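Visitor: here's my sequence, what's the structure:
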Amino acid sequence: MKQFLVLLLFLGTFTAFAQNPIDGNWKGTRETDNGTFEVNYTFKVEGNELKGTWKTQFGEAKIENGKVEGKKISYSISFNDMKINSTGELITENEIVVKNERGEMKLKRVKE
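Guide: Numbering: from 1, shown residues only. Below is the predicted model:
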């Protein structure tokens, strides 16, 4: 019984420190009238909350109102007096599809 409790405690501790598959650095591109637009995201999941940053050649912004529900995410970006609401879904461990009023973009995990 004592060994079982130790094993249970060990597994519980390991699970508490497990990284969410959405955590990490992601990169995507979108074609626009002005050429290719590159976007870099850094995502960090804390409970059901999505935190992180959005970075382009024009600047950087924090992710706002981020939420995680299983493999689905939602968040907002405020940039240049605009607010862009986006949703996304983890398709594989290395791909997220993000959608907003500007279209759809595939993000690929940046391997470090």
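
Visitor: surely Val39 and Thr53 touch.
Guide: No - using C-beta atoms under 8 Å, Val39 makes no contact with Thr53, being 10.8 Å away. For the C-beta atoms, the positions are set from N, CA and C on the backbone; glycine is no exception.

Visitor: lowest-confidence helix or strand of the chain?
Guide: Lowest on mean pLDDT, DSSP states H and E among the helices and strands of the chain sits helix 2-16, with a mean of 47.

Visitor: C-terminal to that one, what's the next element?
Guide: Heading C-terminal from helix 2-16, the first helix or strand you meet, by DSSP states H and E, is strand 24-32.

Visitor: who's in contact with the spatially most central residue of the chain?
Guide: In the chain, the C-alpha nearest the mean C-alpha coordinate belongs to Phe43, at 3.9 Å (C-alpha atoms, centre = their mean). Contact analysis of Phe43 by C-beta atoms under 8 Å, 6 or more residues apart in numbering lists Ile22, Asp23, Gly24, Trp26, Leu50, Lys51, Gly52, Ile63, Ile73.

Visitor: run the last query once more with 6 Å
Guide: Ile22, Asp23, Gly52 (C-beta atoms under 6 Å, 6 or more residues apart in numbering).

Visitor: by neighbours, which of these wins?
Guide: Ile22 (22 neighbours; other C-beta atoms under 10 Å).
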